[in-house]
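> how does the following fold in three dimensions:
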Amino acid sequence: MKFQSFGGPAVKMQLASSMVKSLAPLVIYLKHQSRIRDIVILDEPEMCLHPSLQRKLAVILAQAVNGGIKVIVSTHSDFFLREFNNLIMINHDSPEGLHLRRKYLSIGYDSNASLKYREVGANLFESNTIREVECSETGFSMPIIDDVIEAQNEASQDIYFSLF
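The predicted structure is shown next:
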C-alpha cells in the first residue's frame, strides 16, 4: 500500500510515520464515512503523538461528539485527559467563558469543541474493577495517573534542589 502525497511522490506505508499509520483510518472515517449516531471506539489514539497533537486530537474528537458521533476512548495520557477537562470547563455560558473561547480559538476552543459535562462519562479500570468517575463543570480526575505525575514532580524537585 502507498500513500500519495499532494504534489509529491508516493510514500510506502512502511515508511510513513507511526502517527500517519495509526490515525489515517480515523481521519478517513471522520471525513468521509461517519454518520450521526455512529459509535467510535478508540484504544490509545494518542500513541505516537507529540503532546501538542494529543491536545488537537482531543479537540477533533470533541467536535465529532458535538456532530452527533459517540466516542469511547481508552487512554493513559494526562495531556489527553487534561484537554478533555479544558473542553468541559470552556463550555461555560458567561462573558468569561466566551472570552476564553476567543482567546484559545487558535487551538480549537470554540463552541463546536466544548463539551457538556453531563454528557461526558469517565470510568477507571483498576485492580479488575470498573469504577465510574464523577464528572463536573471542572471535568474529572484520574488519581491513578495524577498520583504518578505528582510523585514524579516531587522526585524531580527533590533531586534538583538537593543537587543544584
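> distance between the ends of stretch 74-94?
32 Å (C-alpha to C-alpha, to the nearest Å).
> how far does that stretch sit from the chain's center?
7 Å (C-alpha atoms, centre = their mean, to the nearest Å).
> what does stretch 18-25 give?
With C-alpha atoms, centre = their mean, you get 15 Å for stretch 18-25.
> identify each buried residue in that stretch, please.
22, 23 (16 or more other C-beta atoms under 10 Å). Glycine gets a C-beta too; all of them are placed from N, C-alpha and C.
> and stretch 41-54, by the same measure?
42, 45, 46, 49, 54.
> same thing with stretch 129-142?
In stretch 129-142, counting by 16+ other C-beta under 10 Å, buried: 135, 139, 140, 141, 142.
> tally of neighbours for residue 155?
10 (other C-beta atoms under 10 Å).
> helices and strands around the helix or strand it falls within, which ones?
Residue 155 belongs to helix 143-163 when assigned by DSSP states H and E. For helix 143-163, the elements it packs on are helix 78-89, strand 122-126, judged by 3 or more C-beta pairs under 8 Å, 6 or more residues apart in numbering; DSSP states H and E.
> please compute how far the helix or strand harbouring residue 56 lies from its chain's middle.
Here residue 56, judged by DSSP H and E, is contained in helix 51-66. Per C-alpha atoms, centre = their mean, the displacement of helix 51-66 from the mean C-alpha position of its chain is 5 Å.
> could you confirm residue 110 falls within a strand?
No: counting by DSSP: H, G, I helix; E, B strand; the rest coil, residue 110 falls outside a strand, being coil.
> quick check, it in contact with residue 98.
No: using C-beta atoms under 8 Å, residue 110 makes no contact with residue 98, being 10.3 Å away.
> run through who's touching stretch 27-46.
With contact meaning C-beta atoms under 8 Å, 6 or more residues apart in numbering, stretch 27-46 is reached by 22-23, 26, 53-54, 57, 60-61, 64, 67-77, 79-80.
> tell me the buried residues within those.
Buried by 16+ other C-beta under 10 Å: 22-23, 26, 54, 57, 60-61, 64, 69, 73, 75, 77, 79-80, out of the contacts of stretch 27-46.
> ok, now how distant is the residue most central in space within the chain from residue 43?
Centroid-nearest residue in the chain, with C-alpha atoms, centre = their mean: residue 58, separated by 2.8 Å. From residue 58 across to residue 43, the span is 15 Å (C-beta to C-beta, to the nearest Å).
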